[in-house]
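1. turn this into a structure:
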Amino acid sequence: MFDQDGAQRASRSGVARTSLGAVVMFALAIVATATAALKIHGHPRGRVGSILAGSVSVLLLAELVMPVGSVAASTLPAKPLLTTWRSQSQVVVYQESSSRISYHGRWVTARSTSYLGGKARSTKVAGAKASLKFSGKAVMWVGSVGPTRGKAKVYIDGKLVKTVNTWASHFRPARVLFQKSWSAIGTHRISIVASGTPGHRTVTLDAFAVRLAATGSAVPTPTPTPTPTPAPTAGRVTVPASIDRTCATNVSTALNAWIAKQANGSTLVFPSGSCYRLGGDAGINLSNRKNLTLDGTGSTLRVWTTGASNFSSAFLLQNSSHVTVRGFAVDGGNTATGTTGAAAAVNEHKNGALIRSGCSFIEFDHVSLDRIFGFGILVSADGGGVWPSDLSIHDSLIRGGEMGIGIVAGRRIQLVHNAINDSVYIAIDLEPDSSQSNGGGFQDVLISGNDVTRYSWGQNLTSWFVAANPQDAVLGTAVMDRLTITGNRVHQGAATADNGNADGLGGLGIRADKTNVKTNVVISDNTTTDNDTQSSSRGVMYLANVQNLTVTGNRQPIANGAALVRDTGTTGTRTVSGNDVSP
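-> Prediction:
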C-alpha cells in the first residue's frame, strides 16, 4: 500500500488542518476583499466590520480546537542526525522489516521512497506494539508525522518514559520521534505502543537506530548502514517438487540450473521441512545476481560436496548485490566438529559461505551453518580484487570451521547477534594477506552482540576471540581502519587447556599487535565468565600501533594478575578504564 498521508492525502491535509498563521492570513484576505465589495454596494462600514469580525472569530476558534504543529511531534529529519551519529560512532539501523523487531497487533506495510529503507510499518490499533532489544548507548525511533498520525507510548526496559504525539499539519516522513542516550553501552529494550488516538490513530515505525561506542577523537569517514535488499519485484517462486526434497539424491546441478532461470528481483522459496543434498563440486552458486532473496523457511541443505574447489562451499557469491539468504539450516557434515580432531579435518574449500570480489549489500539472516569444514563465512576480494562492501551477517549460528568468520578484505561489515561456537582456531579472524590487491584489509567492521562458545580446538596454535593481524608480507600495505567490538559475550574461550602459547587465556582474548597501524579501535562492554589464569607477565588483549584506542566497560575475570590490556605504540587518544577484572 502507499502511505495515505504521503501519496494520497497531501493536498487534502493542507486544507483540512492548515496552520494558525495560514488561517489568520486567509481570514484577513476575506475581510479586505469583502469590505471593498460591500462598500461598492453601499453597505455601512460598521455593519461590514461586525459581520466580518464574527467570521474571523469563527475561523480562529475552529483552528484553536485543531492540534497545531507547535505541540505535535518533533519535525527534526532523521538523516542529518544519523549522519552526525555516524561521524562519531558506529551505528546500526534496524529497518522496519528487521527480524530483531517484534510486533504485536496489526501492523501494515507502506511503501514510499521518502522512507529510510523505502518502507515503513504502521498501525491504527490501540495497544499494538513494536519492540527491539539492542546493545548500545543511544537509540532513536524514526517514523512519520502527519494529520492522520496519533499518540504512542514509549517504554524503555519496561518503564514508560514518554508519550509521543506524532500529529502534524503536514505529512513529513523519516522524522526523529524519540531518542534516548546512556553514558555507556548496555543492553536495553525499546517498545512503542499505539494509543489509538480518536480521529488520527495511525502510528508509524520506519526504523530504530542504535548508536554504539565512540571511535575516538579523530572523526572517521561516516559509515553507511547496509541498505536492505529492495523488495523483490518478480514475485515468490517455490523450488519445484521435481527437485528431490528428501536428501536422497544429489540435486546440485538441477537446483543451480533452476536458480539460474529465475529473474532478478525474485524471492526463491525452499519449502519448509524439505532437505536438499548438495554434491559433487557444487554448492549453491549466487554469483552475478541482483535483488534476489533465498528464503529457506527452515529447510535443510546437506553439503556432501567434494571440496575440490571453492564451488564446494554451501553458498558462493561473486559480483552480486542486494542478495539476502535467510532461514536455512546448513549441515556441513564435519563429524570432528567440537573435538580435538577438528584441526585435522579442516578443508578451506568447504565453507558455509564465500562472499567474494564485487559483492555489495549481502545479508545472511537466521542461517544455521553447522559442522563446517572450512570457514563459517569468508569475506575476500578473490576473483576480481574489488572489496566486498555493506555486508550484514546477523542472528545466525556458525558452528565449527577453521575460523567462525574470516575477513581478508571488506568494507562496512556488520556481524551482529550471531552465535559462533566450536571454531577450530579463531572465532572472528580479520587477516589481510598477499592474495589480495595491496594486501587487503578492512574498513568499518562492527562486531556486536554475538555469543561465542569455545574456540581453539586446534590446540597447536594460539587462538583468540578476535584477531586482527595481517600476514607479515602485507604489513606495509594492508588497511585496518575502524574496528568496533562491543556488547559480545564469550561463554567459554579456549576449548581445552592447551591454547598454544597462551594457556589459561581468558575468554576475551584479542590480538592486534603487529607493526602495521590500526585506527579507531573500540573494545567495549564485552563480558565473559571464562577466567584468565595466566601469570602476571601476560595479557588478555595484545594491541600495538593503534591510533585512537578505547577499551571500556568490559568484564574479564583475572585470577593471577595478568593485564587486561598490553598495548605498545598507541597514538592519538587512549582510553582504558571502567573494566572489571575481579576474579
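
2. quick one: contacts for Arg364?
-> Small correction: residue 364 is Phe, not Arg. Thr324, Val325, Arg326, Ala353, Ile377, Ser392, Ile393, His394, Ser396 (C-beta atoms under 8 Å, 6 or more residues apart in numbering). C-beta: built from backbone N, CA, C; applies to glycine.

3. setting the sequence-adjacent residues aside, check what's closest to the last one.
-> Right, the one you point to is Ser396. Val367 (4.6 Å; C-beta to C-beta, 6 or more residues apart in numbering).

4. surely the one you found and Val330 touch.
-> Yes: the pair Val367 / Val330 is scored as a contact, 6.9 Å apart, by C-beta atoms under 8 Å.

5. host element of Ser443?
-> Actually, residue 443 is Gln rather than Ser. Here Gln443, judged by DSSP states H and E, is contained in strand 441-448.

6. tell me what that strand is packed against?
-> strand 89-95, strand 409-416, strand 428-430, strand 479-486 (3 or more C-beta pairs under 8 Å, 6 or more residues apart in numbering; DSSP states H and E).

7. and the contacts of that strand?
-> 90, 92, 135, 212, 220-221, 223, 407, 409-417, 428, 430, 432, 466, 468, 470, 478-488.

8. helices of the protein, start to end?
-> Under the criterion DSSP state H, helices of the chain are mapped to 10-16, 20-40, 45-64, 78-88, 252-261.

9. in the fourth one, what counts as buried?
-> Under the neighbour-count criterion of 16 or more other C-beta atoms under 10 Å, helix 78-88 has Ala78, Leu81, Leu82, Trp85, Arg86, Gln88 buried.

10. if I look at the last one, how far off is Val522?
-> Gln88 sits 11 Å away from Val522, going by C-beta to C-beta, to the nearest Å.

11. which neighbours do Val367 and Val330 share?
-> Joint contacts of Val367 and Val330 (C-beta under 8 Å, 6+ apart) are Gly352.

12. circling back: distance to Gln547 and pLDDT added to the buried residues of helix 78-88, as CSV?
-> Shown next, in CSV, are the buried residues of helix 78-88 (distance: C-beta to C-beta, whole Å; pLDDT from 0 to 100):
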residue, distance to Gln547, pLDDT
Ala78, 31, 90
Leu81, 27, 87
Leu82, 25, 87
Trp85, 21, 85
Arg86, 19, 78
Gln88, 16, 74
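
13. what's the neighbour count on the closest residue to Val145 other than its chain neighbours?
-> If the residues on either side of it in the chain are set aside, Val145 comes closest to Ala168, at 3.9 Å by C-beta to C-beta, 6+ apart. Ala168: 26 surrounding residues under other C-beta atoms under 10 Å.

14. test my guess that Ala168 contacts Arg149.
-> Yes: if you go by C-beta under 8 Å, Ala168 and Arg149 touch, sitting 6.9 Å apart.

15. quick revisit: looking at the helices and strands packed on strand 441-448, which is buried most?
-> Mean neighbours per residue, mean count of other C-beta atoms under 10 Å, is largest over the helices and strands packed on strand 441-448 for strand 428-430, with a mean of 27.

16. and that one, what does it pack onto?
-> strand 405-407, strand 441-448, strand 466-468.

17. which secondary structure elements does the last one contact?
-> It refers to strand 466-468. So strand 466-468, by 3+ C-beta pairs under 8 Å, 6+ apart, packs with strand 428-430, strand 479-486, strand 510-512.

18. now the angle from the strand holding Gln443 to strand 89-95?
-> 60 degrees (axes from the mean of the first three to the mean of the last three C-alpha atoms, to 10 degrees).

19. circling back: would you turn the buried residues of helix 78-88 into CSV with distance to Asp532?
-> Shown next, in CSV, are these (distance: C-beta to C-beta, whole Å):
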residue, distance to Asp532
Ala78, 42
Leu81, 40
Leu82, 38
Trp85, 34
Arg86, 34
Gln88, 32
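
20. farthest pair in these?
-> Pairwise distances across the buried residues of helix 78-88 (C-beta to C-beta) peak at 15.9 Å, for the pair Ala78 and Gln88.

21. mean confidence for stretch 301-318?
-> On average, the pLDDT along stretch 301-318 is 96.

22. end to end, how far does it reach?
-> Terminal residues of stretch 301-318 are spaced 20 Å apart (C-alpha to C-alpha, to the nearest Å).

23. stretch 555-575 too?
-> Terminal-residue distance, stretch 555-575 (C-alpha to C-alpha): 16 Å.

24. same check on stretch 276-286?
-> End to end - C-alpha to C-alpha - stretch 276-286 spans 16 Å.

25. may I see the buried residues of it?
-> In terms of neighbour count (16+ other C-beta under 10 Å), stretch 276-286 has its buried residues at Tyr276, Arg277, Leu278, Gly279, Ala282, Gly283, Ile284, Asn285, Leu286.

26. stretch 543-560 too?
-> Neighbour counts over stretch 543-560 (16+ other C-beta under 10 Å) mark 543-558 as buried.

27. quick check: the two most widely separated of those residues?
-> Gln547 and Pro557 (29.8 Å).

28. tell me if I'm right that Thr515 and Leu475 touch.
-> Yes: look at Thr515 against Leu475 with C-beta under 8 Å: they come within range, at 5.6 Å.

29. what bridges to Val576?
-> Beta-bridge partners for Val576, by DSSP bridges, are Val551.

30. who are the contact partners of it?
-> Leu549, Thr550, Val551, Thr552, Leu564, Val565, Asp567.

31. domain map for the chain?
-> 18-65, 73-212, 231-304, 313-333+350-577 (automatic domain parsing).

32. and the first one, average pLDDT?
-> Looking at domain 18-65 alone, the average pLDDT works out to 41.

33. what's the answer for stretch 537-556, then?
-> 96.

34. same deal with stretch 189-197?
-> 96.

35. do stretch 504-511 as well
-> 97.

36. before we move on, what about stretch 469-489?
-> Rounded mean pLDDT across stretch 469-489 is 93.

37. may I have it as CSV, with CA atoms only?
-> The C-alpha trace of stretch 469-489 is given here as CSV (Å, rounded to 0.1, in the frame of the first residue of the first chain):
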residue,chain,number,x,y,z
ASN,A,469,46.7,-9.2,12.3
PRO,A,470,47.8,-9.2,8.6
GLN,A,471,50.3,-11.6,7.1
ASP,A,472,53.8,-10.3,7.5
ALA,A,473,54.1,-9.9,3.7
VAL,A,474,51.5,-7.2,3.7
LEU,A,475,52.3,-5.2,6.9
GLY,A,476,53.2,-2.2,4.9
THR,A,477,50.1,-2.1,2.6
ALA,A,478,47.2,-3.6,4.5
VAL,A,479,44.5,-1.2,5.6
MET,A,480,42.9,-1.7,9.0
ASP,A,481,40.6,1.2,9.9
ARG,A,482,37.7,1.4,12.4
LEU,A,483,37.0,-1.8,14.3
THR,A,484,34.4,-1.9,17.0
ILE,A,485,33.9,-4.9,19.2
THR,A,486,31.1,-4.3,21.6
GLY,A,487,28.4,-6.0,23.7
ASN,A,488,29.6,-9.5,22.9
ARG,A,489,29.5,-12.5,25.4
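
38. now do that stretch: distance to the chain's middle.
-> 20 Å (C-alpha atoms, centre = their mean, to the nearest Å).

39. could you check how far the residue nearest to Asn334 when sequence neighbours are not counted is from Gly338?
-> In space, and not counting its chain neighbours, Asn334 is closest to Arg371: 4.3 Å by C-beta to C-beta, 6+ apart. Per C-beta to C-beta, Arg371 is found 9 Å from Gly338.

40. overlap of the contact sets of those two?
-> With C-beta under 8 Å, 6+ apart, Arg371 and Gly338 have common neighbours Arg399, Gly400.

41. before we move on, back to that, burial count for the residue nearest to Ser396?
-> Applying other C-beta under 10 Å, I find that Val367 has 28 neighbouring residues.
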